[in-house]
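**Student:** Show me how the following folds:
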Amino acid sequence: MSSNVKWIKLSTQMFEDEKIRLIESMPEADTILIIWVKLLSQAGKTNASGYIYLAENIPYTDEMLATIFNRPLNTVRLALQTFERFGMIEISDDQMICISNWEKHQNVEGLEKIREQNRLRKQKERQRKKLLSMSQDSHMTVTQNHATDKEEEKELDIDKEKKEKKKKPSPKYETCDITLAELLYNLILKRDPKFKKPNLEKWANDIRLMRERDERTPEQIEYLIKWSQENSFWCSNILSASKLRDKATTLILQIKGEKEPKVNIGTHNKQNGGYPNESNGTSSQSGSSESVNLNDLSL
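**Tutor:** Numbering: from 1, shown residues only. Model (predicted):
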């Protein structure tokens, strides 16, 4: 965690944001907003492109944040759930918290400059120690000097490689995952044209986890997406792929509880927007269609 970052940016129009206004209507509004500012400050201290963690392999738990922020645990959990639902933060599978659109809250160039200054400072410190060691030991050989140089170069190469890996993580998701992520985003966008564009790669990775870990097929996931966005209750609650994955079992139970035992999730009539025909559960488009029994939706 970088201790050289002393400030972050806050917009003067922060309290005109619709999400902030919605938070202000909540019972714990003042505390939740304080936690939001504390999260921004913590992300600035971490100086890792919006991520917040104790160490690179140690994420903050709810209990840790409650202790650091000196706020009640239940209020901290409510705040994190609210921020994630509003798309203000993203929480990865390994529980790492990341501020969405971090560039709005920071001086990107300034923080990058600080990281570069830290790197140069460490490099100069290594050179200083090297010169000090040479002056103390007059019998240091050229081979030893060469080996030291090689080690320093290797260190710099490793640092550079780690930095590049952080900037350009190799995606693990497949084409169907990003397609389903885009489908969810576009359906949300139809209802809320001002919905902030999410990190679709992260959404695609959540879809991948639904396939690989939860053993759900792309067809099942597609149906859950369309059904949730047509449902008057779930359309305002399923606003991310991670939330879709989290609530998938609940959605399936609710779907199975409805009267119609089967729905068509194959090729749909373009006239009804590509959704199943609710009257008889079959596609009105001519030709073959693939029907999936809801009993096949695994819990």
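**Student:** which non-adjacent residue is nearest residue 28?
**Tutor:** Closest residue in space to residue 28, ignoring its immediate chain neighbours: residue 75 at 5.4 Å, by C-beta to C-beta, 6 or more residues apart in numbering. All C-beta spots, glycine's among them, are computed from the backbone N, C-alpha and C.
**Student:** show me where this structure has helices.
**Tutor:** With DSSP state H, the ranges of helices along the chain come out as 18-24, 29-46, 62-69, 73-85, 108-136, 142-167, 175-191, 200-212, 218-230, 241-256.
**Student:** Switch those over to a markdown table; also include mean neighbour count, mean pLDDT and distance to residue 8.
**Tutor:** Listed next are the helices of the chain as a markdown table, based on neighbours: other C-beta atoms under 10 Å; pLDDT from 0 to 100; distance: least, C-beta to C-beta, whole Å:
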| stretch | mean neighbour count | mean pLDDT | distance to residue 8 |
| --- | --- | --- | --- |
| helix 18-24 | 14 | 93 | 16 |
| helix 29-46 | 18 | 91 | 4 |
| helix 62-69 | 15 | 94 | 16 |
| helix 73-85 | 18 | 94 | 16 |
| helix 108-136 | 12 | 72 | 9 |
| helix 142-167 | 11 | 66 | 20 |
| helix 175-191 | 17 | 95 | 28 |
| helix 200-212 | 20 | 94 | 22 |
| helix 218-230 | 20 | 95 | 35 |
| helix 241-256 | 18 | 92 | 25 |
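**Student:** Let's have those in TSV, adding distance to residue 91.
**Tutor:** What follows is the helices of the chain, written out as TSV (distance: least, C-beta to C-beta, whole Å):
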stretch	distance to residue 91
helix 18-24	17
helix 29-46	12
helix 62-69	11
helix 73-85	6
helix 108-136	22
helix 142-167	18
helix 175-191	17
helix 200-212	10
helix 218-230	20
helix 241-256	7
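**Student:** Which of the ones you listed sits closest to residue 5?
**Tutor:** Within those, the stretch nearest residue 5 is helix 29-46; the backing value is 5.0 Å (C-beta to C-beta).
**Student:** Identify the residues contacting the closest one?
**Tutor:** Outside helix 29-46, the residues that touch it by C-beta atoms under 8 Å, 6 or more residues apart in numbering are 1-3, 5, 7-8, 10, 20, 23-24, 26, 50-53, 65, 68-69, 71-72, 75-76, 78-79, 82-83, 88-89, 97, 99, 102, 105-106, 111.
**Student:** and the angle from that helix to helix 62-69?
**Tutor:** 90 degrees (axes from the mean of the first three to the mean of the last three C-alpha atoms, to 10 degrees).
**Student:** Could you shift the numbering so residue one becomes 124, and keep it that way?
**Tutor:** Yes, from this point I'll number from 124; that puts the last item at helix 152-169.
**Student:** Now helix 152-169 - C-alpha only, CSV.
**Tutor:** Written as CSV, here are the backbone C-alpha positions of helix 152-169 (Å, rounded to 0.1, in the frame of the first residue of the first chain):
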residue,chain,number,x,y,z
ALA,A,152,-27.7,7.8,4.8
ASP,A,153,-25.1,9.8,6.6
THR,A,154,-23.1,6.8,7.8
ILE,A,155,-23.3,5.1,4.4
LEU,A,156,-22.0,8.3,2.7
ILE,A,157,-19.2,8.5,5.2
ILE,A,158,-18.3,4.9,4.5
TRP,A,159,-18.3,5.7,0.7
VAL,A,160,-15.8,8.6,1.2
LYS,A,161,-13.7,6.3,3.4
LEU,A,162,-13.7,3.6,0.7
LEU,A,163,-12.5,6.2,-1.8
SER,A,164,-9.8,7.4,0.6
GLN,A,165,-8.7,3.7,1.2
ALA,A,166,-8.5,3.1,-2.5
GLY,A,167,-6.3,6.2,-2.8
LYS,A,168,-4.0,4.8,-0.1
THR,A,169,-3.8,1.4,-1.8
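**Student:** can you state the direction angle for that helix and helix 196-208?
**Tutor:** Using the same axes, to 10 degrees: helix 152-169 against helix 196-208 is 70 degrees.
**Student:** OK, contacts around the residue nearest the centre of the chain?
**Tutor:** Against the mean C-alpha coordinate of the chain, by C-alpha atoms, centre = their mean, the closest residue is residue 213 at 3.5 Å. Residues counted as contacts of residue 213 (C-beta under 8 Å, 6+ apart) are 207, 220, 221, 223, 321, 322, 325, 365.
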